[in-house]
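Undergrad: compute the structure for the input listed below.
(chains A and B)
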Amino acid sequence: QKEVEQNSGPLSVPEGAIASLNCTYSDRGSQSFFWYRQYSGKSPELIMSIYSNGDKEDGRFTAQLNKASQYVSLLIRDSQPSDSATYLCAVLRTNAGKSTFGDGTTLTVKP
Amino acid sequence: GAVVSQHPSWVICKSGTSVKIECRSLDFQATTMFWYRQFPKQSLMLMATSNEGSKATYEQGVEKDKFLINHASLTLSTLTVTSAHPEDSSFYICSAVQANLAKNIQYFGAGTRLSVL
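TA: Residues are numbered from 1 along each chain as shown, chains lettered A, B, ... in the order given. This next block holds a predicted model:
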């Protein structure tokens, strides 16, 4: 079992819809959770971080964390074609020094 | 967010030559930097963890004599691909973690695309 699991996709949604990206992790000691966006041929870019249970909203993005279920998700509202990218979930155990990345989910938003 | 500069962004070299890639944290001090490699349409692969003033920690299967890492200051880490061969052609990405922040957010450089002829 991988430490951080994501559906590889591709996930395809129409423009204007809500895209839902999911991530599960195996280490219950994980304390910090991140979502990165990676466009094709580019490096990852941090879009959200979340540290406590519940929802965290930033513009069209909402991260949701449920530590009991070891589950973190990213919702993208009003999806745009420019949101088409691979989304990486990263999980950090406090004092581990490095995050563990999932393999990413590829999202395609169709006009 | 914090800025990580990576240079060069693209390099083409002949087989057998060595290539140095620099990673700088521009507006923060980085106790730890990471080096990743990514092949087309594949996942990020962590190569090594670089800590300022100490030897890098390499992931299993990564040749430390092939990929030399130096983290001489809190703002600079370098990766040298020695005697590069076509199979070393890849996208190399560094990231840095800001010191003195418990949240340990990794900020990525723009990456270096290496092509070995």
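
Undergrad: now do stretch A:91-109: distance from first to last residue.
TA: Taking CA to CA, to the nearest Å as the measure, stretch A:91-109 stretches 26 Å from start to finish.

Undergrad: now it: buried residues?
TA: A:91-93, A:98-107, A:109 (16 or more other CB atoms under 10 Å in any protein chain shown). The C-beta positions use only the backbone N, C-alpha and C, and glycine is treated the same way.

Undergrad: flag the shaky bits of the chain, pLDDT-wise.
TA: Answering for chain A, as no chain was given. A:94-96 (pLDDT under 70).

Undergrad: wait, I meant chain B there
TA: Looking at chain B by pLDDT under 70, you get B:1, B:99-102.

Undergrad: if we use 80, what do you get?
TA: By pLDDT under 80, the low-scoring segments of chain B are B:1, B:98-104.

Undergrad: up against chain A, what does it have?
TA: B:1, B:6, B:32, B:34, B:43-44, B:46, B:49, B:91, B:93, B:95, B:97, B:102-111 (CB under 8 Å from any CB of the partner chain).

Undergrad: show the buried residues in those.
TA: By 16+ other CB under 10 Å, the residues of chain B next to chain A give B:6, B:32, B:34, B:43-44, B:46, B:49, B:91, B:93, B:95, B:97, B:104-109, B:111 as buried.

Undergrad: picking that back up, CSV please, covering the buried residues of stretch A:91-109 and showing distance to chain B and secondary structure.
TA: Shown next, in CSV, are the buried residues of stretch A:91-109 (distance: CB to the nearest CB, whole Å; DSSP: H, G, I helix; E, B strand; the rest coil):
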residue, distance to chain B, secondary structure
A:91, 11, strand
A:92, 6, strand
A:93, 10, strand
A:98, 6, coil
A:99, 6, coil
A:100, 9, strand
A:101, 5, strand
A:102, 8, coil
A:103, 4, coil
A:104, 6, coil
A:105, 11, strand
A:106, 9, strand
A:107, 15, strand
A:109, 19, strand
